[in-house]
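>>> pasting the structure only:
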């Protein structure tokens, strides 16, 4: 079997691995863009569909319905048609959603479009990490898997920048732009470009070798692994995967998540669910979905609020890059603990700042004195702590912590739980911001961050440097 020319003397084809990771994580970019684009379009949605607070919450949260279904279904789908095939389905869903959301003439059509997009987001969110973990060596798996979170934040930031530029160029998010359509509609239509690139690029990367072995295509798996790691490592890896399946070789199903000895759900699945849920209970997507609305609510202009979104995005990318540099050096668990502690403190400070809010005389509120600056700094430090820890590490661990036989099913359940928690936080925020108010709402997020610290100390084991075939649970 010929090996690519850029394979080094250890057999590791770094260039090919890099290309594979780059293509797979475009799904993360789409995940981020589809999630972040809603941030700058809410004035347009209110004006076009005559929405109140509950209506905004439902329209914003509609993507999460699709995401939970997409995440749950993607695990089983990826076990049937492959990791790459599932990502292709996600890319098509992104394209359809972008076209339909921008053209929506009613709230019902818009909600349908966002649910379709959510199916793609959910599928990409669970498939990309497991695919990356299955084609990368253990020594750098955490670093390369972390690229997924970098791309999610890059997608979010890209959406924030696109929203700001289009709104600035048109004179506001509801002002007419090209072909006399308002700017907020073009914010959705722009998504078609990266989604189409994602679909095309997926044709140029191989299927996961571990999936191929599960399906009995050992020769194809060995060919892929030879290109990635060299012939000797390929034969050894195929043998290891086959051995890990030998004791219980059948088509993966949800029933595998039940321990046959005890008749109970496997403990490792509860850990995965806990990681997935706590990542959302700390309230991060309030910043990503409602950032512009939130900062306008406490006295910032629309333009300044959109600029703050961009600042948060840039800081998030920097934090993710730092996480990439640290995750294979100090491990997953220490990063989670640092993140939980940092988020607890910064969320508490944000809550205090919002507790000082006073009526502004125009039906809104304003933060007096230095409270606005304190809230802004603390909120961005919170974003940094999240993205140096729970943002990338949760996805890395879900992609690598489960045994081969249950990986797809466990990812499906954990991903479903993650998106249900996301929906609960995101849909409830507009109403909670009014009653009990921003200060109490952020106190609740701070409590969740503190509990996440306890959870990691008590239940989460380190996975740094371990081969996927060695995972048990």
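Happy to help now that I have it. Note that the coordinates shown come from a computational prediction; the quantities given were computed from them, not determined experimentally. Numbering: from 1, shown residues only.
>>> all contacts plus neighbour counts: C-alpha atoms, from now on.
Fine.
>>> how much space between residue 17 and residue 29?
The span separating residue 17 from residue 29 equals 18 Å under the rule CA to CA, to the nearest Å.
>>> neighbour count: the two, which is higher?
Comparing residue 17 with residue 29 by neighbour count (other CA atoms under 10 Å), the higher total belongs to residue 29, at 28 against 19.
>>> quick one: the more buried one from residue 329, how far?
26 Å.
>>> residues in contact with stretch 97-107?
48-49, 59, 109-110, 113-117, 184-192 (CA atoms under 8 Å, 6 or more residues apart in numbering).
>>> how about the strands in the protein?
Chain-ordered strands for the chain, with DSSP state E as the definition, fall at 358-359, 365-366.
>>> those: lowest mean pLDDT?
Across these, strand 365-366 has the smallest mean pLDDT, namely a mean of 64.
>>> just for the stretch 351-473 of the chain, where's the confidence low?
Counting by pLDDT under 70, the stretch 351-473 of the chain contains low-confidence residues at 359-367, 467-473.
>>> measure residue 267 to residue 337 for me?
Counting by CA to CA, the gap from residue 267 to residue 337 is 21 Å.
>>> of the two, who's got more company?
The residue with more neighbours, out of residue 267 and residue 337, is residue 337; 21 against 13, by other CA under 10 Å.
>>> can you pull the contacts of the more buried one?
453, 456-457.
>>> for these, which one is nearest residue 145?
Looking at those and their distance to residue 145, the nearest is residue 456, at 20.0 Å (CA to CA).
>>> ok, residue 378 - contacts?
Taking CA under 8 Å, 6+ apart as the criterion, residue 378 is in contact with 346-347, 349-350.
>>> give me that answer again for 10 Å
343, 345-351, 353, 372, 384 (CA atoms under 10 Å, 6 or more residues apart in numbering).
>>> then residue 57?
Residue 57 is in contact with 42, 51, 290, 423, 426-431, counting by CA under 10 Å, 6+ apart.
>>> using ChimeraX, define a selection of the buried residues within those residues.
Buried members of the contacts of residue 57, identified by 16 or more other CA atoms under 10 Å, are gathered into one ChimeraX selection as follows:
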select :42,51,290,423,426,427,428,429,430
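>>> farthest pair within the contacts of residue 57?
The largest distance within the contacts of residue 57, taken as CA to CA, falls between 51 and 423 and amounts to 18.7 Å.
>>> sorry, back to before: buried among the contacts of stretch 97-107? Make that a ChimeraX selection.
Applied in ChimeraX, the following selects the buried portion of the contacts of stretch 97-107 according to 16+ other CA under 10 Å:
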select :49,59,110,113,114,115,116,117,184,185,186,187,188,189,190,191,192
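>>> just the ones in helices from the contacts of stretch 97-107, please.
Taking DSSP state H, the ones among the contacts of stretch 97-107 that sit in helices are 48-49, 59, 109-110, 113-117, 184-189, 192.
>>> sorry, back to before: and which of the contacts of residue 378 is nearest to residue 133?
After measuring the contacts of residue 378 against residue 133 - CA to CA - the closest member comes out as residue 384, at 24.4 Å.
>>> what's the burial count for that closest one?
Residue 384 is flanked by 25 other residues according to other CA under 10 Å.
>>> and residue 446, how many neighbours does it have?
27.
>>> same check, this time on residue 23
The burial metric for residue 23, expressed as a neighbour count using other CA under 10 Å, is 20.
>>> contacts only, for it.
By CA under 10 Å, 6+ apart, the residues touching residue 23 are 128, 197-205.
>>> quick one: which of these is most hemmed in?
residue 128 (26 neighbours).
>>> tell me the contacts of that residue?
With contacts defined as CA under 10 Å, 6+ apart, residue 128 is in contact with 21, 23-28, 83-84, 86-87, 134, 145, 148, 395, 399.
>>> apply 7 Å and report the result again.
Residue 128 makes contact with 24-25, 27 under the criterion CA atoms under 7 Å, 6 or more residues apart in numbering.
>>> ranking by neighbours, what's the top pick from those residues?
The most crowded member of these is residue 27, carrying 33 neighbours; neighbours defined as other CA under 10 Å.
>>> was I right to think that residue contacts residue 123?
No: applying CA atoms under 7 Å as the test, residue 27 and residue 123 come out as separate, 9.0 Å apart.
>>> on that earlier part again, and the contacts of residue 23, which is closest to residue 274?
Ranked by distance to residue 274 (CA to CA), those are led by residue 128 at 20.1 Å.
>>> with residue 327 as the reference, measure out to that closest one.
For residue 128, the distance to residue 327 - CA to CA - is 18 Å.
>>> what's the answer for residue 194, then?
From residue 194 over to residue 327 the distance is 28 Å, taken as CA to CA.
>>> what's the answer for residue 306, then?
The gap separating residue 306 from residue 327 is 31 Å, by CA to CA.
>>> buried residues in stretch 444-458?
Residues of stretch 444-458 classed as buried under the neighbour-count rule (16+ other CA under 10 Å) are 444-453, 455-456.
>>> err, stretch 257-271, not the other one
Within stretch 257-271, the residues that count as buried by 16+ other CA under 10 Å are 257, 266, 268-269, 271.
>>> quick check, nearest of these to residue 164?
Distance to residue 164, by CA to CA, is smallest for residue 271 among the buried residues of stretch 257-271, at 39.1 Å.
>>> where along the stretch 351-473 of the chain do the helices fall?
Listed in chain order, the helices of the stretch 351-473 of the chain (DSSP state H, counting those that start in this stretch) span residues 371-387, 390-400, 407-432, 438-459.
>>> as CSV, those with distance to residue 318 would be great.
Conversion of the helices of the stretch 351-473 of the chain to CSV gives the following (distance: least, CA to CA, whole Å):
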stretch, distance to residue 318
helix 371-387, 8
helix 390-400, 12
helix 407-432, 24
helix 438-459, 21
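>>> out of these, which is closest to residue 152?
Among these, helix 390-400 comes nearest to residue 152, with 9.3 Å by CA to CA.
>>> which secondary structure elements does the closest one contact?
Judged by 3 or more CA pairs under 7 Å, 6 or more residues apart in numbering; DSSP states H and E, helix 390-400 is in contact with helix 107-135, helix 267-281, helix 332-355.
>>> okay, the ones you listed, which one's buried deepest?
Scoring the helices and strands packed on helix 390-400 by mean neighbour count under mean count of other CA atoms under 10 Å gives helix 107-135 as the most buried, with a mean of 27.
>>> average pLDDT across that one?
Throughout helix 107-135, pLDDT has a mean value of 87.
>>> relative to helix 407-432, how tilted is that helix?
Orientation note: helix 107-135 sits at an angle of 140 degrees relative to helix 407-432 (axes from the mean of the first three to the mean of the last three CA atoms, to 10 degrees).
>>> chain center to helix 107-135: distance?
What separates the centre of helix 107-135 from the centre of its chain is 9 Å, taken as CA atoms, centre = their mean, to the nearest Å.
>>> for residue 91, which of the helices of the stretch 351-473 of the chain is the nearest?
Smallest distance to residue 91 across the helices of the stretch 351-473 of the chain (CA to CA): 18.2 Å, for helix 407-432.
>>> report the inter-axis angle for that closest one versus helix 390-400.
Computed by the same axes, to 10 degrees, the angle between helix 407-432 and helix 390-400 is 150 degrees.
>>> could we number from 11 for the rest of this?
Got it, first residue is 11 now, which makes that one helix 417-442.
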